[in-house]
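S.K.: curious how this folds, go ahead:
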Amino acid sequence: MKLLMVEDNTSVSEMMGMFFKKENWDAHYAYDGNDAVTMFNEDPESWDMVILDLNLPGLDGYIRYKGLWTAVIKK
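M.R.: Predicted coordinates for the structure are as follows:
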């Protein structure tokens, strides 16, 4: 499973990363909304899951969620 985790708190990312590693998931991390969109847009259909913090600095996760979903629908 290929997943993108968008979380600005590194402690949370590290904790979740232990679980992902145990499950042998291909986890990628973004620490703000802009990086998440860049990573996601490189190949939108390749992601099996996106875990998104809804309270990100600069841009909130809900706005990013709508942007990511729009990108998938357009494909």
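
S.K.: in the chain, which spans are helices?
M.R.: Counting by DSSP state H, the chain has helices at residues 10-22, 33-42, 61-74.

S.K.: the second one - contacts with which helices or strands?
M.R.: Meaning helix 33-42. Packed against helix 33-42 by the contact rule (3 or more CB pairs under 8 Å, 6 or more residues apart in numbering; DSSP states H and E) you find strand 2-6, strand 26-30, strand 49-52, helix 61-74. Every residue, glycine included, has its C-beta placed from N, CA and C.

S.K.: give the rounded mean pLDDT of that helix.
M.R.: Looking at helix 33-42 alone, the average pLDDT works out to 84.

S.K.: before we move on, what about stretch 3-22?
M.R.: In this model, stretch 3-22 has an average pLDDT of 95.

S.K.: in it, what's buried?
M.R.: For stretch 3-22, the neighbour count (16 or more other CB atoms under 10 Å) marks 3-8, 13, 16-17, 20 as buried.

S.K.: what lies in contact with that stretch?
M.R.: The set of residues external to stretch 3-22 that reach it, using CB atoms under 8 Å, 6 or more residues apart in numbering, is 25-33, 35-36, 39-40, 47-53, 56-57, 61, 64.

S.K.: show me how to select, in PyMOL, the buried members of those residues.
M.R.: Buried residues within the contacts of stretch 3-22, as defined by 16+ other CB under 10 Å, are selected in PyMOL through the command that follows:
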select buried, resi 25+27+28+29+30+31+32+33+36+39+40+47+50+52+53+56+61+64
